[in-house]
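1. Show me the folded form of this:
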Amino acid sequence: MHSLAFTAESAANGVLIRDFTLGDIPGVLWSPAATPASSSPASRASSPSPAPLVLLGHGGGTHKKHRAMTGRAHRLVTGSGFHVAVLDAPGHGDRPRGERDERDIAALREARAAGAPEGPVVVPYNARLAEIAVPEYRALLDALLELPGIGGPVGYAGVGLGTAIGVPLVAAEPRIRAAVLGLHWPDALTEAARRITVPVEYAVQWDDERIPREACLALFDAFGSREKSLHANAGRHVDFPRHVEADSAARFLGRHLRPEADTTAA
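-> Okay, here's the model as predicted:
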């Protein structure tokens, strides 16, 4: 069993930021600034009504405090009152790379330099990382739901590597009630995607030079959810409109994690 320990704390612009370790896995938790930092029973008894939690998955080659993670987290905390948490993926951020990681990264660089398809390298690499990360995220969920002020329902958001981790996680974890995903090949994810029945918002880049459009659409089609929406953005992989999609994700998660507060219905 992984134990959760907070290692640093700060606050800015109404957001409480707490670095933590889950065993030896580093992560960060963003919360509304009024949330008690203590997990003692006395603090839990005096805490406000629990707020929903959103788990984030960062992209390949980035880390838990990449601007995409901090930007999404601040939107979700300040705009919706959610708690938001992310772990460094295996071999990313403050987690050391192993020899196999180095070989896979070198192979990816070689493919890009040669103009060869990236999928044959990235898909098995991300699948291997997901096998490690999914149990870690489930253990994180166990630990965070014990803290004061944090309760269900739970959402998930992540693209790229975040989707490679998120699809099997959402398929396996009944406490996750809605997911925002995108930008990934279907090859290793189709079976798990078919088991997902919660609402899904899925983003693609229509002119993606790395992930063929047909591959993105195949993964979207595989989701077993009755409610799923496709966001198709013009442009290449690097043109992904983070601010637009982050705002849309916040609205989507707000509708499904705080339906009583939804004011978008006609």
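2. what about the strand or helix carrying residue 126, distance to the chain center?
-> Element membership for residue 126 (DSSP states H and E) is helix 119-144. In terms of C-alpha atoms, centre = their mean, to the nearest Å, the gap separating the centre of helix 119-144 from the centre of its chain is 11 Å.
3. Buried ones in that helix, by neighbour count?
-> Using 16 or more other C-beta atoms under 10 Å as the test for burial, helix 119-144 gives 119, 121-123, 125-126, 128-130, 133-134, 136-141, 143-144. For the C-beta atoms, the positions are set from N, CA and C on the backbone; glycine is no exception.
4. Quick one: name whatever helix or strand follows that helix.
-> strand 150-158.
5. neighbouring contacts of that following strand?
-> With contact meaning C-beta atoms under 8 Å, 6 or more residues apart in numbering, strand 150-158 is reached by 31, 35, 49-59, 72, 82-83, 141, 144-145, 165-166, 169-170, 173, 175-181, 249, 253, 256-257.
6. Pull out the buried members of the residues you listed.
-> 31, 35, 51-59, 72, 82-83, 141, 144, 165-166, 169-170, 173, 176-181, 249, 253, 256-257.
7. Go ahead and confirm residue 26 touches residue 92.
-> No. Taking contacts as C-beta atoms under 8 Å, residue 26 lies outside contact range of residue 92: 9.9 Å.
8. Quick one: neighbours of the closest residue to residue 119 other than its chain neighbours, just the number.
-> In this structure, residue 119 finds its nearest non-sequential neighbour in residue 185, 4.9 Å apart by C-beta to C-beta, 6 or more residues apart in numbering. Residue 185: 23 surrounding residues under other C-beta atoms under 10 Å.
9. For residue 185, which residues are in contact?
-> Each residue near residue 185 by C-beta under 8 Å, 6+ apart is listed here: 119, 122, 123, 211, 215, 219.
10. One more: residue 194?
-> With contact set as C-beta under 8 Å, 6+ apart, residue 194 has these partners: 222, 223, 224.
11. what about 10 Å?
-> 171, 221, 222, 223, 224, 225 (C-beta atoms under 10 Å, 6 or more residues apart in numbering).
12. do the same with residue 95
-> 24, 25, 26, 63, 64, 87, 88, 89, 101, 132.
13. For burial, what's the neighbour tally of the third one?
-> Right, the one you point to is residue 26. 20.
14. quick one: secondary structure of it?
-> strand (DSSP: H, G, I helix; E, B strand; the rest coil).
15. where does this structure have low pLDDT?
-> For the chain, applying pLDDT under 70 flags the ranges 1, 35-48, 259-266.
16. could you pull out the strands for it?
-> For the chain, the strands defined by DSSP state E cover 4-12, 15-22, 25-32, 51-57, 83-87, 150-158, 176-182, 200-205, 228-233.
17. Would you convert those strands into CSV that also reports distance to residue 242?
-> Formatted as CSV, the strands of the chain follow (distance: least, C-beta to C-beta, whole Å):
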stretch, distance to residue 242
strand 4-12, 20
strand 15-22, 18
strand 25-32, 17
strand 51-57, 13
strand 83-87, 15
strand 150-158, 12
strand 176-182, 11
strand 200-205, 10
strand 228-233, 10
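18. Name the nearest residue to residue 250, ignoring sequence neighbours.
-> Going by C-beta to C-beta, 6+ apart, residue 250 has residue 75 as its nearest residue, at 4.8 Å.
19. my guess is residue 198 contacts residue 228, does it?
-> Yes. The pair residue 198 / residue 228 is scored as a contact, 9.4 Å apart, by C-beta atoms under 10 Å.
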